[in-house]
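# here's a sequence, model it:
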Amino acid sequence: MDTAQLVIFTAIWTFIWTLPTRHVSRLFELIIGLIPFTAFGLRVFAGFFTDVPPGDPVRDFVGPLIDWVNGSGILSFQCVLDAAVAVGLFWFAAAFNIPRQSRLGTAWIIPAIAVTNCLTLYVSGLPIEKFFALALPSPVLSFAVAGLISAIIRWTPSPLTTDTRQNAAIFILITLPVATSLALLFSPLVTSLPIRQQAQATSLLTLGVGALVAVTAYQCHLFTATRSKLLFALIAGVSVGALASLSLAHRVNEQSYGLSSTDAGSMRTHCISSSNGPAFLSLNMKPIPLI
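Numbers count the residues shown, from 1 in each chain. Below you'll find the model as predicted:
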């Protein structure tokens, strides 16, 4: 995404997130909810074919769709994805009855992420998630993200009681690092597979870990309302899945291509110090996509 597009969509996302929402029908919720899930599902689907060589019958059949997702075509898939995010934010606020008070209190997150993403792209050529996955060791990254999410849950204005928010924050603070570390234990299993299957295995493993954490979060009954429990389960599951995907893909790259801990540290240093492009390119590596 170029800078102008990022600025425009950041303003749109922030505006939509802070809009007052009214009760909508279940059918309307379902329809608009399918839009972002379909868009992001296409991105995940394309990731399964990253290392599938040309000539594979399934790959050739879905080739035009995968090429479009990867950037070809007149209408950029990134624009479609960004528009889907805008729809998803409205659905998110309406479907889970998120109070406007809480949405106003978290509106700063959207521009903050956009600004940080611009900085990491300028410094290293990497988007925010890949930059921090390379710049920080996995335990540090997981604790940092868990701490940030926990602080947002605990201190964002909300009708929920202080004890409820505090218990939810503690759950996130403990679960995210633990679940991410457990996912990394399976990295030898992933690297034992053929290289062309490692991206698929990474995606399936992280989806499974995220789903398990989401179910656990729901079953903990930290909230009374069903929608609140579903929202918390979604936040916990997606956060763990994203963290595990970044960390596991990085670990698989290290093990598959024979990087030592010193090499990994040098790669992190290069990621921070170089402005000539992605660190992976300077190492002549073929990375597993971080999806």
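# make it CA atoms for all contacts and neighbour counts henceforth
Fine.
# any idea which residue sits dead centre in this structure?
A centroid search over the chain (CA atoms, centre = their mean) returns Ala242, at 4.2 Å, as the residue closest to the centre.
# ok, now how distant is it from Leu121?
Noted for Ala242: a distance of 19 Å to Leu121, by CA to CA, to the nearest Å.
# could you list every helix and strand that the host helix or strand of the residue nearest to the centre of the chain packs against?
Using DSSP states H and E, Ala242 sits within helix 226-256. With contacts defined as 3 or more CA pairs under 8 Å, 6 or more residues apart in numbering; DSSP states H and E, helix 226-256 has these neighbours: helix 128-135, helix 162-184, helix 187-191, helix 195-219.
# out of the ones you listed, which gets nearest to Pro111?
For Pro111, the closest of the helices and strands packed on helix 226-256 is helix 128-135, at 13.0 Å, according to CA to CA.
# mean confidence for the closest one?
For helix 128-135, the mean pLDDT works out to 91.
# give me the angle between that helix and helix 226-256.
Taking axes from the mean of the first three to the mean of the last three CA atoms, to 10 degrees, helix 128-135 and helix 226-256 form an angle of 50 degrees between their directions.
# after helix 128-135, next one along is what?
Trace forward from helix 128-135 with DSSP H and E and the next one is helix 138-155.
# pull the residues that contact that next one.
Helix 138-155 has contacts (CA atoms under 8 Å, 6 or more residues apart in numbering) with 106, 132-133, 162, 165-166, 168-170, 172-174, 176-177, 180-181, 243, 247.
# send the alpha carbons of it over as PDB?
In PDB, the C-alpha atoms belonging to helix 138-155 read as follows (Å, rounded to 0.1, in the frame of the first residue of the first chain):
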ATOM      1  CA  SER A 138       9.900 -14.200  19.800                       C
ATOM      2  CA  PRO A 139       9.500 -14.100  23.600                       C
ATOM      3  CA  VAL A 140      10.100 -10.400  23.700                       C
ATOM      4  CA  LEU A 141       7.600  -9.700  20.900                       C
ATOM      5  CA  SER A 142       4.900 -11.900  22.400                       C
ATOM      6  CA  PHE A 143       5.200 -10.300  25.900                       C
ATOM      7  CA  ALA A 144       5.200  -6.800  24.300                       C
ATOM      8  CA  VAL A 145       2.100  -7.400  22.300                       C
ATOM      9  CA  ALA A 146       0.400  -9.100  25.200                       C
ATOM     10  CA  GLY A 147       1.300  -6.200  27.500                       C
ATOM     11  CA  LEU A 148      -0.100  -3.700  25.000                       C
ATOM     12  CA  ILE A 149      -3.400  -5.600  24.500                       C
ATOM     13  CA  SER A 150      -3.700  -6.100  28.200                       C
ATOM     14  CA  ALA A 151      -3.200  -2.400  28.900                       C
ATOM     15  CA  ILE A 152      -5.800  -1.500  26.300                       C
ATOM     16  CA  ILE A 153      -8.400  -3.900  27.800                       C
ATOM     17  CA  ARG A 154      -7.700  -2.700  31.300                       C
ATOM     18  CA  TRP A 155      -7.600   1.100  30.800                       C
END
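# so how far is that helix off the chain centroid?
Distance of helix 138-155 from its chain centroid, counting by CA atoms, centre = their mean, to the nearest Å, is 14 Å.
# with stretch 96-114 instead?
For stretch 96-114, the separation from the chain centroid amounts to 17 Å (computed by CA atoms, centre = their mean).
# now Ala39, nearest residue through space, not along the chain?
Leu81 (5.9 Å; CA to CA, 6 or more residues apart in numbering).
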